[in-house]
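Enquirer: sequence first, predicted coordinates after that:
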Amino acid sequence: MKQDGTGTGVLTRRRTRREWEEEVLNPALKKSPERMREFTTLSGVPVERLATPENLEGWDPEEKLSLPGEYPFTRGPHPTMYRGRLWTMRQFSGFGTARDTNRRYRYLLDHGQTGLSVAFDMPTLMGLDSDDPRSEGEVGREGVAIDTLADMETLFHEIPLSSVSTSMTINAPAAVLLAMYLAVARKQGVPWPEVRGTIQNDILKEYIAQKEWIYPPRPSLRIIVDMIAFCTQQVPLWNTVSISGYHIREAGSTAAQELAFTLADGIGYVQACVEAGQNVDAFAPRLSFFFNAHSDFFEEIAKFRAARRIWARVMRDRFHAKDPRSWMLRTHAQTAGCSLTAQQPHNNIVRVALQGLSAVLGGTQSLHTNSMDETLGLPTEQAVTIALRTQQILAEESGVASTIDPLGGSYFVESLTDTLEKEALSLIAAIDKMGGIVASIEQGFPQREIAEASFRYQQQLEREEKIMVGVNRYREGGEVRIEVLKIPASVEPTQIRHLKQVRKRRDSVAHRRALDELLRCAEEGENLMPAMVRAVEAYASVGEICATLKAPFGEYREEKTYF
Amino acid sequence: MASIVKRKPTSEAVEISPQPSTGARLRLLVGKVGLDGHDRGAKIIARALRDAGFEVIYTGLHQTPEMVVATALQEDVDAVSLSILSGAHNTLFPRVIELLKKAGVPVPVFGGGIIPEEDIAHLRKAGVRAVFTPGTSTQEVIEWVRTHIRPRGESTAPRAARRASPRVSSRRPAAKRRKSARR
């Protein structure tokens, strides 16, 4: 408060920001300087000492915020948000053989879970069979091993696909796994229009970050366009692509890069479908997103809010979508695996709670909270339970689910939202200039940007400019041992034996014919999905189908590796 | 945290005192074996080792042990490091060591990744010289390399005669390389 100049301390009017800086702040700084010369977010965005109305000069709440469920959805995609329905708590799991995982799923369903989320093992993710030499040592280790429809039948044994929604985290061979899921539905007598779920199916981020690819980008994109067209017609409740920033961030990107590259991937899919003659409003409402919830609390909240605003504008103004559901960005979030530490692993529980809270305040539609033992291996049942309980505490105890977008209007959060939006838009503009996301991937642009950011962060850690508790500060001697889930060595030979039995039992003529038909569709540009379903129904394996398509499509090799 | 970085020196390896400088730079292979695409750590390590003055050959992703060993031979490296986050370390490390032995080039093998404590003893027994787990700084790895890796066959053909690798995208020009002395 400004004094009246007579020294009597009578308050006359409030100080302006400048007066406050000169008369109050500067003397205080002289007495005791701040902890750091410069404050930045985890991603390096400068953070001002104080946000005031001046940060939002010319800022129009009508244009920037609007209302929940209203364009541009900054405050959330739904009018009631968590007051209507809490976010979906969807924990990702899968390990060993289909039989092992089926047992875990039935346990989860018996305990009230309504959605499943399938983690596949590395060979399946790469489109290889369990008996491929490259699969040795990896079968069933990081997820469930699926070779043929027989495994998929086992995975969903006694689980009615009419009453669960299933999320499948798979990309390069996504079409094969979707075909298997639909084949299981048919065997169970569930009509495809009733089948609900999500498939990640985001190949572009594979070239950018996760690096689990089979074919080059352009044929891969064609498969996705086929899948989207097919689902629009025949599996209308299926979410066709979960456009993922999660892995981009885990690979070391900044928040703005995560935002930009993810939305640019989304633009790539929409563009490809529109170019193939699909009506944007027919497929866009079935696209969803998947973002990381990292450690910088406000930056993450701002990122989710900015994502919705950018996507709404892109869909309305760039692609001329008319249906508000096409404008609306719906997202899943997962807490940041790369932020967890092997040192003092119990601290991870606290990290996950804060990250989960940022996703909720950012308005996510579903959430996976990581388990504290993730840096050591697959989570144990106890660690998974704590992670789930963390979400339940956020939802039921903290009160944050009672009101919509509680940080809306905060000078700081709004200006950070604007900053992230601006940074992301300028990266998207750079990608447009290169000729779009595929061209920019071919030129190595996102890959280089991420490698650079991740190295910068590592250096900041080593210089202690950024802190990880227990790693570069507050270290403790000695190890805290926590239990780690062990995958028995018997999984691999068991799975290989199953596969060999299926190969022996199947009708080899029908199998050959189905693969030939698939090849013909690929070569002649027909939609691949009907032939794909027939191939899996003839018990063709993931590896056989992917190998068949390598002939016309080719194999991807990373031309240059940036480090 | 991502990537590299290790908890504590797990190497009770034979202590080799730092070699006197011979002008030859250590050539190190950074291999990313396994099917997973987690290359953040491998790339950070490759760059940190390069910035520390070593010659680094990074294989890129999805390498089989056979591919890694073929590159190691072709590039005539002094040591092979492997980054593994897929859980297949118990299969892949011993395989690389065995193949190097078979090829008659038993250069030291070390590495890192998400590797549970209880597997480290097994890997050390199989001949892995050091295992770096999440939390190690790049500086620790660099120091370890300086202490434990020495140029192979100092008396053999001059390094300049070695074949350049088409895979290396960020190596400095050869002329510059030869001039800079090993620390």
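Expert: Sure, I can see it.
Enquirer: residue A:232 contacts residue A:285, correct?
Expert: No - Residue A:232 is not in contact with residue A:285 according to Cβ atoms under 8 Å; the separation is 9.9 Å. C-beta: built from backbone N, CA, C; applies to glycine.
Enquirer: what's the span of stretch B:115-129 from first residue to last?
Expert: 14 Å (Cα to Cα, to the nearest Å).
Enquirer: contacts (any at all) between chain A and that stretch?
Expert: Yes - counting by Cβ under 8 Å from any Cβ of the partner chain, contacts between stretch B:115-129 and chain A involve B:116, B:117, B:118.
Enquirer: now restrict those residues to buried residues only.
Expert: Among the residues of stretch B:115-129 next to chain A, those scoring as buried are residue B:116 (criterion: 16 or more other Cβ atoms under 10 Å in any protein chain shown).
Enquirer: export the residues of stretch B:115-129 next to chain A to a markdown table and tack on pLDDT and secondary structure?
Expert: Shown next, in a markdown table, are the residues of stretch B:115-129 next to chain A (pLDDT from 0 to 100; DSSP: H, G, I helix; E, B strand; the rest coil):
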| residue | pLDDT | secondary structure |
| --- | --- | --- |
| B:116 | 85 | coil |
| B:117 | 84 | helix |
| B:118 | 86 | helix |
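Enquirer: out of the residues of stretch B:115-129 next to chain A, flag the one nearest to chain A.
Expert: Nearest to chain A, judged by Cβ to the nearest Cβ, of the residues of stretch B:115-129 next to chain A is residue B:116 at 5.4 Å.
Enquirer: please enumerate the helices of the stretch 101-250 of chain A.
Expert: With DSSP state H, counting those that start in this stretch, the ranges of helices along the stretch 101-250 of chain A come out as A:122-125, A:149-155, A:174-188, A:204-205, A:217-234, A:246-250.
Enquirer: list the helices and strands the shortest one packs on?
Expert: Applying 3 or more Cβ pairs under 8 Å, 6 or more residues apart in numbering or on different chains; DSSP states H and E, we find helix A:204-205 packed against helix A:255-275, helix A:437-442.
Enquirer: and the contacts of that helix?
Expert: Helix A:204-205 has contacts (Cβ atoms under 8 Å, 6 or more residues apart in numbering or on different chains) with A:171, A:217, A:221, A:243-245, A:247-248, A:261-262, A:265, A:268-269, A:437-438, A:441.
Enquirer: OK, contacts around the spatially most central residue of chain B?
Expert: The centroid of chain B falls nearest to residue B:81 when counting by Cα atoms, centre = their mean (2.6 Å). The contact partners of residue B:81, taken as Cβ under 8 Å, 6+ apart, are B:28, B:29, B:30, B:31, B:45, B:109, B:110, B:111, B:112.
Enquirer: 6 Å instead, please
Expert: Applying Cβ atoms under 6 Å, 6 or more residues apart in numbering or on different chains to residue B:81 gives the contacts B:30, B:110, B:111.
Enquirer: so the first one belongs to a strand, correct?
Expert: By that I understand residue B:30. Yes - counting by DSSP: H, G, I helix; E, B strand; the rest coil, residue B:30 is part of a strand.
Enquirer: for it, name its beta-bridge partners.
Expert: Beta-bridge pairing of residue B:30 under DSSP bridges involves residue B:58, residue B:81.
Enquirer: so which elements touch the longest helix seen in chain A?
Expert: Using DSSP state H to define each element, chain A has its longest helix at helix A:411-434. Helices and strands touching helix A:411-434, by 3 or more Cβ pairs under 6 Å, 6 or more residues apart in numbering or on different chains; DSSP states H and E, are helix A:255-275, helix A:297-313, helix A:437-442.
Enquirer: quick check, residue A:437 in contact with residue A:264.
Expert: Yes - contact status for residue A:437 versus residue A:264: in contact at 4.6 Å, counting by Cβ atoms under 6 Å.
Enquirer: buried ones in stretch A:312-330?
Expert: A:312, A:314, A:315, A:316, A:319, A:321, A:324, A:326, A:327, A:328, A:329, A:330.
Enquirer: my bad, stretch A:235-245
Expert: A:235, A:238, A:239, A:240, A:241, A:242, A:243, A:244, A:245.
Enquirer: state the mean pLDDT of it.
Expert: The pLDDT scores in stretch A:235-245 average 98.
Enquirer: again, but for stretch B:32-39
Expert: On average, stretch B:32-39 scores 90.
Enquirer: indicate whether that stretch makes contact with chain A.
Expert: Yes - residues of stretch B:32-39 contacting chain A under Cβ under 6 Å from any Cβ of the partner chain: B:35, B:36, B:37.
Enquirer: so the second one makes contact with residue B:86?
Expert: Think residue B:36. Yes - at 4.1 Å, residue B:36 counts as touching residue B:86 under the criterion of Cβ under 6 Å.
Enquirer: find residues that contact each of those two.
Expert: residue A:122.
Enquirer: if we can go back for a sec, so what's in contact with residue A:437 and residue A:264 at the same time?
Expert: residue A:431.
Enquirer: contacts for stretch A:92-112 next, please.
Expert: A:116-119, A:140, A:143-144, A:151, A:154-155, A:157, A:368, A:378, A:487, A:491, A:494-495.
Enquirer: now which of these would you call buried?
Expert: The buried subset of the contacts of stretch A:92-112 - by 16+ other Cβ under 10 Å - is A:116-119, A:140, A:143-144, A:151, A:154-155, A:368, A:378, A:487, A:491, A:494-495.
Enquirer: and residue A:230, how many neighbours?
Expert: 23 (other Cβ atoms under 10 Å in any protein chain shown).
Enquirer: so how far is chain B from it?
Expert: 27 Å (Cβ to the nearest Cβ, to the nearest Å).
Enquirer: tell me the pLDDT at that residue?
Expert: pLDDT, the model's per-residue confidence, is 98 for residue A:230.
Enquirer: quick one: contacts for it?
Expert: Counted by Cβ under 6 Å, 6+ apart, residue A:230 has contacts A:527, A:529.
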